[in-house]
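> Okay, here's the prediction I keep looking at, along with the sequence it came from:
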Amino acid sequence: MKKPHAYRDLSPDEIENLFSQFLIDSWSYSKISTFSRNEKDFEMRYVYRNPSKSSASTISGSAYHEALDFYFSSLKNGEQKDIVELQQVAYDFIDGVQANFWKLQKTTPTIEECVKKATSLTNSYLENFFAERSVYEDDIEEIIAVELYCDEFLDINGVDIPLPCHAKMDLVIKTKAGKIVIIDHKSKSYFSDEKELKFSIGKQAITYVKCFETVSGQKVDEVWFVENKSSKNRDKSPQLNCFKIEIDDSVRRLYEAMLYEPLKRMLEAISNPDYVYLLNENDNFVDLAELYEFWAKTMIAEVEDFNIPDNKKEMISRRLKKIRDVSISSVDPKTIKKFRENASEFIQYDLTNKNMTNEQKIEQTLRTLGVLVEVKHKFDGYSSDTYLLEVSAATNLSSVYKYKLDIANALNVSSIRMMKELFVYEGKSYLAVESSKTARRDLMFDAKYLDGMRIPIGLDNFEQPIVWDLDNQSTPHVLICGATGSGKSVVIVSIIEFAKLAGVTDIQIFDPKYEFTRYKAQGIGVYNDIEEIETMMELLVDDMNDRVKSGTSHKTLVIFDEFADAVAQSSKGKALDVYETVQVGVYQKGEKIGNPILEKQFLKTRRSLEENLKMLLQKGRSSGFRVIAATQRASVKVITGDAKVNFPVQICFRVPKEIDSKVVLDEGGAEALAGRGDGLMNSPEYLGIQRFQAFYKP
């Protein structure tokens, strides 16, 4: 049972008011540790959300954790996984690391080299784990939790802390001796000194203990830190070392007191917008040049130059203004900029902080890798910029594609998109590179872009409309895919509004998620429940068949949002059978005797929702039906080969992985989109995949 807490039962409004008093919204052991070690590093990472990039070693440690989470989750469910399966989980994690997360170093100057090193280290960790996993398993009676997250208000040292603690516990077990144990996996290049661990690791241990006990109500007996050393011991001694901390009452009091002191100092700092965070120049865990460059940036930058959440922007903006006013009044801005440039010079492989244009960064990155290019043109789009590269005649284009992640790293974006075909501009061919950016403006809905039945979907980076022609028989139906917040619903709204302006009066919307109910008041058919969706789809097919027989045609726009979920929930099998109730009399020698009997007799089998949709797609084009089907799930089970044949136009907004983009468009690129209406379109009307910004209709 949770102890009473001064802040735990606050209302949402009271929580919001509480958080407004602090520069961050939660605390954790890592934040306390960073603050104690180097306040300026804490300020950079957690106040300004400007984290350092991760080295190959750090990424390999995260991949190792991901694989172990998979292993113990499977073991909890009674499944034993082998090393190959764990390696695949780790490789997928490494492959999924965004380009701008990698820290390039002298030994790993390209992302390809980073991936190789991370993969090699991860393999070493997993081999060690499999050879010595008895360190874990010999004591396990029950796996209680794997990768357990905590966001709880805690009391530390008898004091109610006014911010929730955010923590992740790798593994919680019950041992054969009946003890509750929290286990933390650690990947190391060398083992920690156990004498130092006794003092340094206690604050992390008590953080886990307080979190778990608050969440579960169970008392923790021990915390284990299992270190896995990547380099092989020459004496063949174990590669895994388990350091155990017994959590008794005296240890609890000691470690809570040790934790409370730095936690209190950190809370005092983040509750004061004017607090000056000190830089520890003797900190071996940071890149001093990076910290100095950040420091100079805070003296001249605006709040928009940082990744600050909306609820902190006002406070951070006031802080920046005060820093800027004080700095500029005492130091010439030119001196600050020069200082920042000098600091950046020592960050050898990170071009994101250099005083260079993006064009120069692209050229510099490729030239250091032996590829000669020149950026001839740049086009400023809404959610992305397009760079046209003139490639040296002796350069193999495949060598440029090879380094697209290194270009993304230099531009500080998660990924870039390179067009497969050369782009012709002003009569000359170029290699086109598209880089996402934070949208500073919306592309507002404007009727001037409508041309007859050519429905504008958006504008490309050359300010040209990307359209869907309702009169074109080769482009009757559209498939739209995209993750939550990517712009899928927004583009559907703009299409409906443009279609109304074009004179389409027959619009039917299947809306299982209730996102388009406002159109009911406008005389448009909107169907939400699965039963009415099934009924209306059947009526549309009947209408289509009548039109085919009579030779009539008129435009009917059908919007089917989240069609995959609706199809999955629809009636199937015996649920499609239709029966009628009839009276059956009982006769003897021609005379009716007794009361009539009511019987259900089979009448027919209805077509399924999926069958009706397929019929509408296949036969509806000639009679004026135009269908837009949208889904969040870019899965081959949802978007099959047969399904894509019926949708000659495919639109894909941002999706989580490259494989999702390939399912929809047959090529990658959608995983690199910026979201908020930044999309790709594949249509017979265009040569190749077109990138566009969708219109926004408030």
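Noted; the coordinates are in hand.

> my read: residue 404 touches residue 416, true?
Yes. Applying CB atoms under 8 Å as the test, residue 404 and residue 416 come out as touching, 5.5 Å apart. For glycine as for every other residue, the C-beta is placed from the backbone atoms N, C-alpha and C.

> So which of those two has more stuff around it?
Set side by side, residue 404 and residue 416 show more neighbours around residue 416, with 24 against 17, by other CB atoms under 10 Å.

> Which stretches in the stretch 201-350 of the chain count as strands?
Using DSSP state E, counting those that start in this stretch, the strands of the stretch 201-350 of the chain run over residues 222-229, 240-246.

> avg pLDDT for the shortest one?
Averaged across strand 240-246, pLDDT comes to 93.

> coming back round to it: common neighbours of residue 404 and residue 416, please.
Common contacts of residue 404 and residue 416 (CB atoms under 8 Å, 6 or more residues apart in numbering): residue 433.

> any weak-confidence spans in the stretch 301-450 of the chain?
Low-confidence segments of the stretch 301-450 of the chain, defined by pLDDT under 70: 327-333, 335-349, 353, 440.

> repeat that for 80
By pLDDT under 80, the low-scoring segments of the stretch 301-450 of the chain are 324-355, 392-397, 420, 438-441.

> And for residue 84, the neighbour number?
Residue 84 is flanked by 8 other residues according to other CB under 10 Å.

> For it, report the pLDDT, please.
Reading off the per-residue confidence, residue 84 sits at a pLDDT of 96.

> what sits up against stretch 544-562?
The contact list for stretch 544-562 (CB under 8 Å, 6+ apart) reads 453, 470, 489, 492, 495-496, 499, 503-504, 506-513, 515-516, 540, 543, 566, 613, 615-616, 619-620, 622-632.

> Please name the residues that touch the residue lying closest to residue 51 once chain neighbours are set aside.
Nearest residue to residue 51 in three dimensions, chain neighbours excluded: residue 45, at 5.1 Å (CB to CB, 6 or more residues apart in numbering). Residue 45 makes contact with 34, 51-52, according to CB under 8 Å, 6+ apart.

> For those, could you give me CSV that also reports secondary structure, neighbour count and distance to residue 311?
Conversion of those to CSV gives the following (DSSP: H, G, I helix; E, B strand; the rest coil; neighbours: other CB atoms under 10 Å; distance: CB to CB, whole Å):
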residue, secondary structure, neighbour count, distance to residue 311
34, helix, 22, 22
51, coil, 12, 19
52, coil, 18, 24
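
> still on that earlier bit, got the strands of the stretch 201-350 of the chain as a markdown table, with mean neighbour count and distance to residue 200 columns?
Output for these, formatted as a markdown table (neighbours: other CB atoms under 10 Å; distance: least, CB to CB, whole Å):
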| stretch | mean neighbour count | distance to residue 200 |
| --- | --- | --- |
| strand 222-229 | 21 | 10 |
| strand 240-246 | 16 | 11 |
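
> what's the closest of those strands to residue 125?
strand 222-229 (5.1 Å; CB to CB).

> quick one on the thing from earlier: any chance of the strands of the stretch 201-350 of the chain in JSON lines, plus distance to residue 523?
Shown next, in JSON lines, are the strands of the stretch 201-350 of the chain (distance: least, CB to CB, whole Å):
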{"stretch": "strand 222-229", "distance to residue 523": "65"}
{"stretch": "strand 240-246", "distance to residue 523": "69"}
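
> Of all these, which one is nearest residue 461?
Residue 461 lies closest, by CB to CB, to one member of the strands of the stretch 201-350 of the chain: strand 222-229, at 47.2 Å.

> any idea of the mean pLDDT for that closest one?
95.

> wait, isn't residue 389 in contact with residue 362?
Yes. With contacts counted by CB under 8 Å, residue 389 reaches residue 362, the gap being 7.1 Å.

> Residue 32: what's it in contact with?
So residue 32 contacts 203, 259, 262-263, 266 (CB under 8 Å, 6+ apart).

> who touches both of residue 389 and residue 362?
Listed as contacting both residue 389 and residue 362 by CB under 8 Å, 6+ apart are 373, 375, 433.

> Which segments of this structure make up each domain?
Here the domain parsing of the chain from automatic domain parsing is 12-270, 288-345, 356-436, 447-568+606-694.

> Mind checking these for the one nearest to residue 279?
Proximity to residue 279 (CB to CB) singles out domain 12-270 among the domains of the chain, at 3.9 Å.

> Sketch out the low-pLDDT regions of the protein for me.
Looking at the chain by pLDDT under 80, you get 1-3, 193-200, 324-355, 392-397, 420, 438-441, 571-606, 633-644.

> List the residues that contact the spatially most central residue of it.
In the chain, the residue lying closest to the centroid (CA atoms, centre = their mean) is residue 656, at 5.7 Å. The contact partners of residue 656, taken as CB under 8 Å, 6+ apart, are 483, 671.
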